[in-house]
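Visitor: Sequence and predicted model, in that order:
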Amino acid sequence: MSTRFFFNSLTLDNINNISGTNYYDSGSGITQGTAIQNQQIRSLVNWALGDIYQTFDSSGSSLTTGNQYPEFLFEFKVAKAVTWVAFGNHNIATQSDGWTLSASADNVTFTEISNSTSTNFNSDADRVLFASSGSFKYWKIRFNNVQTNFKIGLFSFCDVVYPTEVSASFTYIVGDMLEGKTKAGYGKNYHLSKFDQSFDNFTINLKNLTKSYIDNNAPRILEGVKSPFIFYYRYSTSGENLAAFCLPIGQQKGVAINNNHLYSLPITTKARSWS
């Protein structure tokens, strides 16, 4: 098993703007429709709230009759190399024909970087997928031929950090504690509509780290875990890499050193998954 940390690239210091447009099949090709409203865009990318983007949400954008192709455009402040994309709390496999990721230097000419059909996407599990590319300022993702119940609650471009020796433990929260923990920990904005969320106390400990590893990686890790992040815990040769979406809890302890002059870096989070 190869564990990794993925840190969200869609942060205010990286992004100029995120916009969205509904496209539809007019019978003579894909035609531009209405703009996607801001609250729907936030529901796609706001990890902390865990909202769910729904194309056919009655409070969202007006849709045209025909097959729907919602598309989101991300404008970075400087050219960004996207190597990984993350999906969570979604039903892409069962409620769409997959997605297409494209990039552009000038927001005019776009080149397809990667894509997935509903068939090769395989299932609706939370995951991180590899998307090799050069650096571009503009990136867009289109979800193809979405159905009435299409949803996605988490999407991101991610940077990766590779830990060495790792131990991790879960404390599962069950039964009637679910709602109480939800409200107490994250406020009323953290809701359970449509997709039930489970919350697990999750401790990750990076152990037996060298000074070189600490110097090269600890600042990025400690900065990354201040915000919601992804802990990648299972590798699949098909490229569908399963992941836990993590919320930080309080202030992290930082780096410790033991008698053997090796370092450790404990991280306390809550991990979430959907059913």
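Guide: Nice, thanks for sending it over. Just so it is clear, the model here is predicted, and its values are computed rather than measured. Numbers count the residues shown, from 1 in each chain.

Visitor: only C-alpha atoms for contact and neighbour calcs from this point on.
Guide: Fine.

Visitor: who are the neighbours in contact with the spatially closest residue to Ala79 that is not a sequence neighbour?
Guide: Nearest non-adjacent residue to Ala79, counting by Cα to Cα, 6 or more residues apart in numbering: Lys137, 4.0 Å away. In this structure, Lys137 makes contact with Glu75, Phe76, Lys77, Val78, Ala79, Lys80, Ala103, Ser104, Ala105, Asp106, judged by Cα atoms under 8 Å, 6 or more residues apart in numbering.

Visitor: Pop out the phi and psi values for the last one.
Guide: According to degrees, to the nearest 10, the main-chain angles of Asp106 amount to phi -130, psi 0.

Visitor: how many neighbours does Arg142 have?
Guide: If you count neighbours by other Cα atoms under 10 Å, Arg142 ends up with 20.

Visitor: What residues are bridge-paired with the residue nearest to it when sequence neighbours are not counted?
Guide: Leaving aside its chain neighbours, Arg142 sits nearest to Glu71 (4.2 Å; criterion: Cα to Cα, 6+ apart). Counting by DSSP bridges, Glu71 forms beta bridges with Thr21, Arg142.

Visitor: Glu71 touches Lys140, doesn't it?
Guide: Yes. At 6.8 Å, Glu71 and Lys140 qualify as touching, with contact defined as Cα atoms under 8 Å.

Visitor: returning to what we had before: list the buried residues in the host helix or strand of the residue nearest to Ala79.
Guide: In this assignment (DSSP states H and E), Lys137 forms part of strand 135-143. If you call a residue buried by 16 or more other Cα atoms under 10 Å, then strand 135-143 has these buried ones: Phe136, Lys137, Tyr138, Trp139, Lys140, Ile141, Arg142, Phe143.

Visitor: now, among these, which is nearest to Asn149?
Guide: Comparing the buried residues of strand 135-143 against Asn149 with Cα to Cα places Phe143 closest, at 13.1 Å.

Visitor: remind me which residues of the chain are low pLDDT?
Guide: Scanning the chain for pLDDT under 70 picks out 1-2, 47-51, 57-66, 119-120, 165, 167-200, 233-243, 272-275.

Visitor: try it again with 90
Guide: 1-14, 22, 24-31, 33-68, 82-91, 93-95, 114-134, 147-156, 158-275 (pLDDT under 90).
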